[in-house]
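Participant: Sequence first, predicted coordinates after that:
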Amino acid sequence: MSQPVNIADLLEGHVTLQLESIDRLYLNGYVAQLQHGAGLVGFLSKHRGYPIASPALLGQITKDFLARLQAFVQREHIPLFTFQRHESKDQRAHHERAQRPVRDAVVLVGVAQEKAYAFSARRLAGPRAVFEFTRNKSVIPNYYYFYLDDADWGECFLKVCSYAPWGLKLYLNGHEWLKRQLAKQGIGFQALDNGFSSCENPQALQQLAHSLGPQHVQAFLSKWLDRLPLPLSAADRSAGYDYGLSIWQMEYSLTQIMDRPLAGRQFFEEVIGDNLDLGRPDRVQLIFPRKIISTTPGSFRTRLLYEGVQPSLHVSYKGFDLKQYYKEGRGLRTEGTFHNPADFGLNKGIENLGALMDLGSQINRRLLEVERVSHNCGLSAGSIQKVVQPTLTQEGQRAPGLKFGDPRVMALMLVLCQFASLMGGLRNRDLRGQMAPLLGLAPEQYSPGQASYDLRRLLRKGLLWRAEHSQRYYLTPSGWKLARLYARLEARVFRPALTAINGPPMALPGALERALAQVDAQLDQLIGQAFPARKAA
């Protein structure tokens, strides 16, 4: 009978291409000085030189912007569309790109009404016309989408609000950027929908992905600010009213292309079944480098979504969504989406792009490691032997055996089964406080050194893992199964059996006596099958 596929078998030696990269990147463009009323007054009066900072001037700026936009699309022969309500903007853009295959130019301009917070004006009392601006009004102005084909970034778009403070939003794609860079360097590749299925030089591809940084995004923005007609002119930006960038949403992905697509799909479907509890607070800590306490905001959950027959596994932490799916029957895609970098102690500035990339890489790889430990962690004869016998870890560290029946080992397993250990983890002092009574010792007789030794061998055997920057140890799925097996065998099989052998039979309740008799009969049957009696001569 063939062994079931597991993540170690699948990934080791069967990944033909592995790539970590930024995927979709959504950014906000904003002018810091125009985010408040006093700054807008200064822009109109001091910079633009108007004697009165009137709200009518904002309408003139919008009117001038639309006139320049009309002249631009006519001069460049660019299609101008008004998006219908509920129309897919991406589908329209995809259709137009096929009809108008330009390079390093504007493909089309689309207009859509969307909600925004704009300035409202209030005239102050006095002989002169003085207005106070407050940005607290929800309106539905026109947004203008510039769908682009950029020489470095490929398919992307920039949209601008026609109302002050004239905010921008950018959409870029890291995989498209990589495709353009490989083409420039003459490195051959085969594209996978929003990714790669093969590459002539995988090392160069990964190096390019790691090199992508804020400077490339800033260069893109500067280039198109100079080329597009926008409400703020080049003179405005030169005077200090230039756009800064913040991260609105960022996806960081790990794609592993398999040479055995069918086996990979089987693995992924089995992994889904084994990890539906990943969203629980105690298991979220296995993936995200953050402590979860009772006051941690957000809902912790695991979602299993289907698009047609394609499943995807989602794990949520605050505003972060971790997703895993099998892409086009070829590759395992593990992808984390940052909606709010503040969830991890970072601000949204574009300068934190590299830090988010590192964090996304850690989270994606932790998910795979948790799945590696939990998937197919049934207690086979081989896995039990590795626990009982001394072994070496992958780093060459010695892992002493955990022999069944050893009083200290059995006490350790009982500690691991306790509720407090499951939920709050174990520290050295916690283990000392629980182990000494179980061993019949005074507290000082089970030393911190002995506790460190026990925690270390449980860790090296894969029964525990240690939280980053913490001295707390938590049970792994296989550790939980093994601890229960040891405790149950001790309490329900060996102890009653020895009692029955060495002492008078105990009177048991009828239901329990019948249940134990059934267990005893099944054991006799198994022993008989393993050691069949010799036929009489």
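Facilitator: That came through, no problem.
Participant: Give me the most central residue, the protein.
Facilitator: residue 336 (2.6 Å; Cα atoms, centre = their mean).
Participant: Show me what that residue bridges to in the sheet.
Facilitator: With DSSP bridges as the criterion, residue 336 is bridged to residue 252, residue 322.
Participant: With residue 465 instead?
Facilitator: Judged by DSSP bridges, the bridge partners of residue 465 are residue 474.
Participant: Mind pulling up the pLDDT for it?
Facilitator: Predicted confidence (pLDDT) at residue 465: the value is 81.
Participant: for it, what are its contacts?
Facilitator: With contacts defined as Cβ atoms under 8 Å, 6 or more residues apart in numbering, the neighbours of residue 465 are 286, 459, 473, 474, 476. C-beta: built from backbone N, CA, C; applies to glycine.
Participant: in stretch 39-47, what's buried?
Facilitator: For stretch 39-47, a neighbour-count test (16 or more other Cβ atoms under 10 Å) marks 39, 40, 41, 42, 43, 44 as buried.
Participant: Name the nearest of those residues relative to residue 252.
Facilitator: When these are ranked by distance to residue 252 (Cβ to Cβ), residue 39 comes first, at 34.0 Å.
Participant: Quick check: closest non-adjacent residue to that closest one.
Facilitator: residue 33 (4.2 Å; Cβ to Cβ, 6 or more residues apart in numbering).
Participant: count of residues packed around residue 232?
Facilitator: The local packing count at residue 232 equals 22, with neighbours defined by other Cβ atoms under 10 Å.
Participant: now it: how far from residue 142?
Facilitator: From residue 232 across to residue 142, the span is 16 Å (Cβ to Cβ, to the nearest Å).
Participant: Excluding chain neighbours, give the residue nearest to residue 410 in space.
Facilitator: Take residue 410 and drop its neighbours on the chain: the residue closest to it by Cβ to Cβ, 6+ apart is residue 490, 5.7 Å away.
Participant: next one: phi and psi at that neighbour?
Facilitator: Residue 490 adopts backbone torsions of phi -60, psi -50, taken as degrees, to the nearest 10.
Participant: Surely it touches residue 412?
Facilitator: No. Under the criterion of Cβ atoms under 8 Å, residue 490 lies out of contact with residue 412, with a separation of 11.9 Å.
Participant: So the two - more neighbours on which side?
Facilitator: Neighbour tally, residue 490 and residue 412, criterion other Cβ under 10 Å: the higher count belongs to residue 412, 24 against 15.
Participant: How about that one, nearest residue that isn't a chain neighbour?
Facilitator: For residue 412, the closest residue by Cβ to Cβ, 6+ apart turns out to be residue 454, at 5.8 Å.
Participant: Same question for residue 415.
Facilitator: Beyond its immediate neighbours in the sequence, the residue positioned closest to residue 415 (Cβ to Cβ, 6+ apart) is residue 434, lying 4.8 Å away.
Participant: which residues in the stretch 351-500 of the chain form helices?
Facilitator: Assigned by DSSP state H, counting those that start in this stretch, the helices in the stretch 351-500 of the chain fall at 353-374, 381-388, 407-417, 419-424, 428-439, 448-460, 477-489, 495-502.
Participant: Quick one: list the elements packing against the host helix or strand of residue 184.
Facilitator: Taking DSSP states H and E as the criterion, residue 184 maps to helix 174-185. Applying 3 or more Cβ pairs under 8 Å, 6 or more residues apart in numbering; DSSP states H and E, one finds that helix 174-185 contacts strand 15-30, strand 154-161, strand 189-192, strand 195-199, helix 202-211.
Participant: Could you dump these into CSV and include mean pLDDT?
Facilitator: Conversion of the helices and strands packed on helix 174-185 to CSV gives the following (pLDDT from 0 to 100):
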stretch, mean pLDDT
strand 15-30, 93
strand 154-161, 95
strand 189-192, 90
strand 195-199, 92
helix 202-211, 96
